[in-house]
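Q: Sequence and computational prediction follow.
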Amino acid sequence: MRERRDRVLERGQESRREANESVSKRARRLLLTGGIASGKTFVSDYLAAKGAMIIDTDQISRQMTQSDNAAGRAALAEIRETFGEALFTEAGELDRAKMRELIFNDKEAKQRLERILHGRIRSAVDERIAQSDHAPYIVVVVPVIDQNSPYLQICDEVLVVEVPYQLQLQRLMARDNIDRDLAEKIINAQISRLDRRKLGNHIIINENNHFVRRQLDKLHQHYITSVEES
């Protein structure tokens, strides 16, 4: 009886060792998030230039709503069935401006769109992570998260990029060519700055590019060192 129990304990210890070795061998994963127009692209581009693998859920979402690929056509068909032709151009493409305005004025419509896209996006992220054998580390860019985000479960740490509100507002209006009212609605519809910061292991205030680069250099070195020590 005791010998059998010892064998069970040994098997359990071996399984835990194998699991720990598997985690230590895989590329570490950094979740990059921040409010809209906070500078996430600047951060991800900088880390990409240093060799990080970037998985951008915004880019995946855009691909999922284009008709030049099978996954996009399937998602567009479901969007058309759910919302009708009013959200599509004469050429049959998704009218992103109309869709954006709808989801920021209609919470239920936003939830319906998320049900269509989120599972598809997560599957694409998992596929890309599985192909990351040679990456020193992975940066998963997720614009909108909360404490229940599934991406928190697959990433090791969270980097939050913040920007002062007025600067964020100006950037968003200029970037998307929208008025102040819509820009404020978009910003206010996102998770609060306080709640977002609570999720972060690292926080960068994006006011000065030189300062941001210095902070990213330190973070990059932290991840490279983690890889070398594992």
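A: Cool, the structure landed.
Q: Show me the residue sitting in the middle of the protein in space.
A: Centroid-nearest residue in the chain, with CA atoms, centre = their mean: V142, separated by 1.6 Å.
Q: hang on, isn't that one packed against T57?
A: Yes: contact criterion CB atoms under 8 Å: V142 and T57 qualify, at 5.1 Å. In this view, the C-beta of every residue, glycine as well, is placed from N, C-alpha and C.
Q: anything in contact with each of those two?
A: Y151 (CB atoms under 8 Å, 6 or more residues apart in numbering).
Q: coming back round to it: quick one, phi psi at the residue nearest to the centre of the chain?
A: Torsion angles at V142 (phi, psi; degrees, to the nearest 10) stand at phi -130, psi 100.
Q: tell me the contacts of it?
A: Each residue near V142 by CB under 8 Å, 6+ apart is listed here: 31-33, 57, 149, 151.
Q: Can you say which of the residues you listed are buried?
A: 31-33, 57, 149, 151 (16 or more other CB atoms under 10 Å).
Q: now, which of the residues you listed lie within strands?
A: Among the buried ones among the contacts of V142, the ones falling in strands (DSSP state E) are 31-33.
Q: between those residues, which is nearest A97?
A: Closest approach between those and A97, by CB to CB: T33, at 24.3 Å.
Q: what pairs with that closest one across the strands?
A: V160 (DSSP bridges).
Q: residue contacts, it?
A: Applying CB under 8 Å, 6+ apart, the residues contacting T33 are 40, 141-145, 158-161, 196, 199-200.
Q: How about L216?
A: 43, 46-47, 204.
Q: Which of those residues sits closest to T82?
A: Looking across the contacts of L216 and measuring by CB to CB, the closest to T82 is V43, at 33.6 Å.
Q: burial measure for the closest one, as a count.
A: 24 (other CB atoms under 10 Å).
Q: That one contacts I203, doesn't it?
A: No: with contact defined as CB under 8 Å, V43 does not reach I203; the gap is 11.9 Å.
Q: so what's in contact with these two at the same time?
A: Shared contacts of V43 and I203, defined by CB under 8 Å, 6+ apart, comprise L159.
Q: In CSV, list the ones in strands among the buried ones among the contacts of V142 along with pLDDT and distance to Q111.
A: Formatted as CSV, these follow (pLDDT from 0 to 100; distance: CB to CB, whole Å):
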residue, pLDDT, distance to Q111
L31, 98, 22
L32, 98, 24
T33, 98, 20
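Q: any chance of the residues you listed in a markdown table, with distance to V125 too?
A: Below are these laid out as a markdown table (distance: CB to CB, whole Å):
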| residue | distance to V125 |
| --- | --- |
| L31 | 11 |
| L32 | 13 |
| T33 | 14 |
